[in-house]
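Engineer: need a structure here:
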Amino acid sequence: MAAYARALRDSGISSQDVAGTPCLVDFGLLRPDADSTQWLRPVSPSVILPQLLQGIADGIAHQRRRKAQLAFEFDRLISLAPNQNPATGASGVVVLKGFPRIDEVIDQTTAATTDEIRIIQPGGQRLPGHLADSRPVEQRFLQRGGRIRTLYQHTTRHSLATLAHYERLQGNVEVRTLDELPERLFVFDQRVAMIPTREALDVAIQLRHPAVVAHLAAGFELLWRRATPMYPAPAPLPTPAQDGITTRQRAIATLLTEGLTDTEIATRLGMNVRTTRAHISKLSTILDSRSRAQLGYLIGKSGILGPEV
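Structural biologist: So this is what the prediction gives:
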């Protein structure tokens, strides 16, 4: 760095003066002079710094790709290891990379499931293309006497594609809904669970540790008891209170008191932002609020969220 600083001050430096520091040329900080082989000219710091930083970023991206590829390759090898029970291994965790691989593992695990599959599907309405056909392995599981229970958010109750999907299934299928759900979850019997990662949409984690799977299954059951039936015997959502505030507005009010933004509330409840803001506007009118800060105070004071708020 001292030699580079001297070259910047003097607009050049002798090749002999930096013979012991070839990194200056290797990193591109100095370049040969066009008129003399005995001199090197400095490259501007404002030019070289972005190039060096980009090189570091490229290296990090390369290592991440290597990490994902190693996880993918070793996931395929784990199944080949003889006399090995993943549930009793070091962690019972397998990383699944890519939608084709995730779908393949879901099908394999479904085929090996004997009793029940529990599913949490947050995010509101499902796209029709994703529900066009049932997975053949899913239908065969139901025909063997298996049971599938799925939790959606309340917004899914307005999705005709979702209802049509379940009408096509033949077997013991139940669907319930809640205002808010955690991340996506699959639990196969009490044996295997699958959850997404926050790093990427096309990466999932398969869990086989008995204690972890049992914990996730217990969380599902807690949500299931609180949820409202949607299929095959639909039940109406809880009726609005006498104050005229709907169940959806009550859920929004709860998240408002937690300090969430309109976008965060919409994401948590599987709604679009415009609809969320319309409900907030109605709450403001009902409670005679003139600002968002005042609205949060009035929600807590009104008692619409119950005595614990």
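Engineer: I'd like to know how far Val213 sits from Gln206.
Structural biologist: With distances taken as CB to CB, to the nearest Å, Val213 is found 10 Å from Gln206. Every residue, glycine included, has its C-beta placed from N, CA and C.
Engineer: let me redo that: Gly296
Structural biologist: 41 Å.
Engineer: circling back to that earlier point, which residues do Val213 and Gln206 both contact?
Structural biologist: Common contact partners of Val213 and Gln206 (CB atoms under 8 Å, 6 or more residues apart in numbering): Val192, Ala193.
Engineer: Tell me how far the nearest residue to Ile304 once chain neighbours are set aside lies from Leu283.
Structural biologist: Closest residue to Ile304 apart from its sequence neighbours, by CB to CB, 6 or more residues apart in numbering: Ile245 at 5.5 Å. Ile245 sits 7 Å away from Leu283, going by CB to CB.
Engineer: Same check on Thr197?
Structural biologist: 35 Å.
Engineer: of those two, who's got more company?
Structural biologist: Using other CB atoms under 10 Å as the criterion, Thr197 and Leu283 rank with Leu283 on top: 22 against 14.
Engineer: check contacts around the more buried one.
Structural biologist: Contacts of Leu283 (CB under 8 Å, 6+ apart): Ile245, Gln249, Ile252, Ala253, Leu256, Ser289, Leu295, Ile299.
Engineer: Now do the SS call for Arg118.
Structural biologist: strand (DSSP: H, G, I helix; E, B strand; the rest coil).
Engineer: any idea how far the nearest residue to it once chain neighbours are set aside lies from Asp33?
Structural biologist: Closest residue in space to Arg118, ignoring its immediate chain neighbours: Val187 at 4.2 Å, by CB to CB, 6+ apart. With distances taken as CB to CB, Val187 is found 69 Å from Asp33.
Engineer: between the two, who's got more neighbours?
Structural biologist: Val187 (26 against 14).
Engineer: Provide a list of residues in contact with the more buried one.
Structural biologist: Ile117, Arg118, Ile119, Ala193, Val213, Leu216, Ala217, Phe220.
Engineer: got those as TSV, with distance to Gln139 columns?
Structural biologist: Shown next, in TSV, are the contacts of Val187 (distance: CB to CB, whole Å):
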residue	distance to Gln139
Ile117	12
Arg118	18
Ile119	15
Ala193	22
Val213	24
Leu216	25
Ala217	23
Phe220	22
